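Q: Turn this into a model:
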Amino acid sequence: MSDKKRNVPVLRFNGFSDAWEQRKLGEDSDVRDGTHDSPKYFHKGHPLVTSKNLKDFGLDLSDISFISNEDFESINKRSKVHVGDILFGMIGTIGNPVQLTREDFAIKNVALIKEKQNILNIFLIQLLKSAVFDRYIRNENTGGTQKFLSLSKIRDFHFFCPSLKEQNEISSFFKHLDNTIALHQRKLDALKQMKKGFLQQLFPESGEKLPRVRFTGFQEEWEQREFGDVLIFSVPNNNFPRASLNYEEGIIKNIHYGDVLMKFDSVVDVRTSNIPFVTNGQLESFTNQFLQNGDIVIADTAEDKITGKAIEVCGINNTSVVSGLHTMVARPNISFASRYLGYYLNSYSYRKQLLPLMQGIKVLSISKSNISKTTLCFPKNAIEQERIGDFFKQLDKTMLLHQNRLTKLTTLKKAYLKIMFI
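A: Okay, the predicted model is just below:
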């Protein structure tokens, strides 16, 4: 009786009371793997899927290698994929299970699970995404330097499983949840693409004075000025508190260069954004620069071409904000509508100016003097600037709404995966 009580999940659909039975993956499913050879790659041919192509959202063929017809046929003699099969990574990134909706590719160094009779793949895919399989992966890789899960270990995976009828109920529930998540993800991706397009169309191309798309009622040519004529790189503030002073923690926020590169998009509102406070021991790490509304914070170094990414700071009221190392602060010396510069400095036309000015090979950097030589383009009419800023603000607000919904749904799914499997 105690075993029966133990072998049931915390949350269960009505009508099911039998204990789940222990299964062994290699006995109840057909478990194989892809080739371990390294075939010759070509510019076109048959796609070869590896673990890098397995993502949380499914199969991603945006970065794919191609192989010849001969290698494709050879690999498929032992590991031909079919719709409904499950793949997951065995080497490097272990996991990221994906159930297939296409079969026009070969596989390398990934596990392949084909359905037999007792275990439905639509159930198994959710189990492999749950904490049950995560724990198994962690236990099998404890102490190892190379992340690798052998085929024998995959086949030896033991787990608890309900009847086929209950498997179908659980699978239907998660399919509906996954479809809802995918819907919000598609909407978010569409909005991101829309914003990318408007960042190209609502600002003039380099050297031009008119955008391709414009709000009605405005016809005047835009003004072109050098960056250094419009924005001045700020001088550190000597009144910045030092660690030697009895500094009270929790009163100054810090914008780190990593936040500029990855966390914030074009504009950061201090009132609503998650910006950490400076701790006493960190004071020596900052640029001694208090920020003001409208300041532009620029990341001066990165490992890729997002070097020079800028954000505009707004919403500063009673909160003191500073920027960290590897950032530069530029302050407008003429009046701009709020948010305009933040979006313009991330537009396609302006970013194109920065690329040839970056220096370095692996780590790219950009100097104040080079940035000062770039050209800014802006409407002379402050109302047009405001319209552009408000348009992107609303677009960002809509994107954030979908992102928050997506985050809640993925968090909800994670909770269900924890309590609906043993």
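
Q: Please state the offset of stretch 127-146 from the chain centre?
A: 23 Å (C-alpha atoms, centre = their mean, to the nearest Å).

Q: List the buried residues in that stretch.
A: Counting neighbours by 16 or more other C-beta atoms under 10 Å, one finds that the buried residues in stretch 127-146 are 127-130, 132-133, 136-137, 140. Placement of C-beta: from N, CA and C, glycine included.

Q: could you give the mean pLDDT of that stretch?
A: Averaged over stretch 127-146, pLDDT sits at 81.

Q: what does that stretch contact?
A: Defining contact as C-beta atoms under 8 Å, 6 or more residues apart in numbering, one finds that stretch 127-146 is touched by 86, 88, 91, 94-95, 97, 147-149, 153, 157, 159, 161, 417-418, 420-422.

Q: Restricted to helices, list the residues you listed.
A: Counted as lying in helices by DSSP state H, out of the contacts of stretch 127-146, are 153, 417-418.

Q: about what we covered before: from the buried residues of stretch 127-146, pick the one nearest Lys195.
A: Distances from Lys195 to the buried residues of stretch 127-146, taken as C-beta to C-beta, are shortest for Lys129 (30.3 Å).

Q: re the thing from before, out of the contacts of stretch 127-146, name the ones that lie in strands.
A: Counting by DSSP state E, those place 86, 88, 95, 97, 159, 161 in strands.

Q: quick one: least confident of those?
A: Gly95 (87).

Q: Looks like it contacts Phe88 (just checking).
A: Yes. Here Gly95 reaches Phe88: they are 5.6 Å apart, a contact under C-beta atoms under 8 Å.

Q: Looking at these two, which has the bigger crowd around it?
A: Between Gly95 and Phe88, counted using other C-beta atoms under 10 Å, Phe88 has the larger neighbour count: 23 against 18.

Q: Quickly list what that one is bridged to.
A: Beta-bridge pairing of Phe88, defined through DSSP bridges, involves Ala111.

Q: Distance check, it against Lys196.
A: Using C-beta to C-beta, to the nearest Å, one obtains 32 Å as the distance from Phe88 to Lys196.

Q: now swap in Ile316 and tell me
A: Plainly put, Ile316 is 28 Å away from Lys196 if you go by C-beta to C-beta.

Q: Could you list which residues are in contact with Ile419?
A: When contacts are counted by C-beta under 8 Å, 6+ apart, Ile419 is found next to 9-11.

Q: of all the residues you listed, which comes closest to Leu112?
A: Scanning the contacts of Ile419 for proximity to Leu112, where the rule is C-beta to C-beta, the winner is Pro9, at 27.4 Å.

Q: how about the closest one, secondary structure?
A: Of the three states, Pro9 takes coil under DSSP: H, G, I helix; E, B strand; the rest coil.
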